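Asks: quick check, what structure comes out for this input:
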Amino acid sequence: SQLQLNTALNATPGTRQADAPTLPAIRPGKRWSTEASSSSEDAVLVFCPAPTASVEDEASWRLLAHLLQAPFYQRLRVELQLGYAVFSGIRQIAGRTGLLFGVQSPTCSTDQLVQHIEAFIGRLPALIDNVDLPEQIRVLSAQFDAASLPDQQQADMHWHAHLAGHQENHLQALQRVLSNLDTHSLLATVNQLINATGGWLIVANRPASAAIPLSLPER
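Replies: From the prediction side, this is the model:
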């Protein structure tokens, strides 16, 4: 329970950090970072943070990640057969919650992989229009039921909530906000994703070409 967790933490050596963690600033637009490798295959990671650290944005981003995980794999791995390593999901990096897409391919360049990811994201409005949103919200919300979460998973979620500057009741807040989401609000989230409102960080093992429009310089 939260009380037991707090008791254990209070007994841990060290000094409690009183101030909330400082989150990195949001940088709208897309930027490309090259991490060279000796692999003959091309690979990209695309991290798309939510535009703010609010519980409302986190809930929307988590629901979006929940909805697109299987279709993303189906499109890029099964239909396009880009490669064996294809995944997507919700991640928190440096306190920022966002969507993470990853693809490794023996046949496509990093430019092409990013373009495939962008094309998939561009089709998300049609995907959302064709899902049973209330049912998917119910399924996702159940994952934040503290009574049924294993202790390790609950501790991890509380820790990540702290790193993002949230309060102790973050799981309940997520469930409450999820229950209020609808198609209109989720489509607004998709629009933010498409426009890179929260910024996209593209990490690839090859430099970007001039064919990829970036609003921020490569580094």
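Asks: helix or strand with the lowest mean pLDDT in the chain?
Replies: Lowest by mean pLDDT, DSSP states H and E among the helices and strands of the chain is helix 151-163, with a mean of 69.
Asks: can you mark which positions in the helix or strand just after that one are buried?
Replies: Once the chain leaves helix 151-163, the next helix or strand it forms, by DSSP states H and E, is helix 170-179. Within helix 170-179, the residues scored as buried using 16 or more other C-beta atoms under 10 Å are 170, 171, 173, 174, 175, 177, 178. For the C-beta atoms, the positions are set from N, CA and C on the backbone; glycine is no exception.
Asks: mean confidence for the helix or strand following helix 170-179?
Replies: Where DSSP H and E defines the elements, the next helix or strand beyond helix 170-179 is helix 183-194. Taken as a whole, helix 183-194 has a mean pLDDT of 97.
Asks: and stretch 206-219, by the same measure?
Replies: 64.
Asks: how about stretch 107-116?
Replies: Rounded mean pLDDT across stretch 107-116 is 96.
Asks: how about the secondary structure of residue 33?
Replies: Under DSSP: H, G, I helix; E, B strand; the rest coil, the three-state class of residue 33 is strand.
Asks: neighbours of the closest residue to it other than its chain neighbours, how many?
Replies: Ranked by C-beta to C-beta, 6 or more residues apart in numbering and with sequence neighbours excluded, the top spatial neighbour of residue 33 is residue 203, at 5.0 Å. For residue 203, the neighbour count with other C-beta atoms under 10 Å is 16.
Asks: how far away is residue 111 from residue 127?
Replies: For residue 111, the distance to residue 127 (C-beta to C-beta, to the nearest Å) stands at 24 Å.
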